[in-house]
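Enquirer: Make a model of this:
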Amino acid sequence: QVQVVESGGGLVQAGGSLRLSCAASGRTFSTHVMAWFRQAPGNEREFVAAINWRGDTATYANSVKGRLTISRDNTNNTVFLQMNRLKPEDTAVYYCNAAQAPIKFMTQNGYNMGFWGKGTPVTVSS
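Expert: Numbers count the residues shown, from 1 in each chain. As a prediction, this is how the structure comes out:
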């Protein structure tokens, strides 16, 4: 079992940056794909980015490519989401997910596998 706790959210102006962190507990962290999802008010939860267990392959939603970067530190059981050039439409609660599942599953609507944190809110003002 893996437990995850997100941090780093906050209020930022459009064009600014934030770095989200997800601290995971559990001896199997390094074997899990780690991902970030987000949910804006009134919207369904959506895939943002995922990274494989080795940390050498990342997948991004088209809406965030080139602006957000996912990375992981298996030594410290942590995954990060560096968010640059933020836009008001990035405003959402961001959730960390740990799963032993193919990344392609994570990009599908309705994905709900693995372990989830409680989320950290990000607000981007225009």
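Enquirer: Tell me which residues of the worst-scoring helix or strand of the chain on mean pLDDT come out buried.
Expert: Of all helical and strand segments in the chain, the minimum by mean pLDDT, DSSP states H and E falls on helix 103-106, at a mean of 91. By 16 or more other CB atoms under 10 Å, the buried positions in helix 103-106 come out as 103, 106. Just so you know, the C-beta spots here come from the backbone N, C-alpha and C atoms, and that holds for glycine as well.
Enquirer: Equivalent analysis for stretch 70-84, please.
Expert: For stretch 70-84, a neighbour-count test (16+ other CB under 10 Å) marks 70, 72, 74, 77, 78, 79, 80, 81, 83 as buried.
Enquirer: swap in stretch 96-113?
Expert: When burial is assessed from 16+ other CB under 10 Å, stretch 96-113 yields the following buried residues: 96, 97, 98, 99, 101, 103, 106, 111.
Enquirer: excluding its backbone neighbours, what's nearest the spatially most central residue of the chain?
Expert: Nearest to the geometric centre of the chain sits residue 36, at 1.8 Å (CA atoms, centre = their mean). Counting by CB to CB, 6 or more residues apart in numbering, residue 48 is the residue found nearest to residue 36 once chain neighbours are left out, at 4.3 Å.
Enquirer: My read is that that neighbour contacts residue 37, right?
Expert: Yes - contact criterion CB atoms under 8 Å: residue 48 and residue 37 qualify, at 5.7 Å.
Enquirer: Please enumerate the shared neighbours of those two.
Expert: Here residue 48 and residue 37 have residue 94 as joint contacts, going by CB atoms under 8 Å, 6 or more residues apart in numbering.
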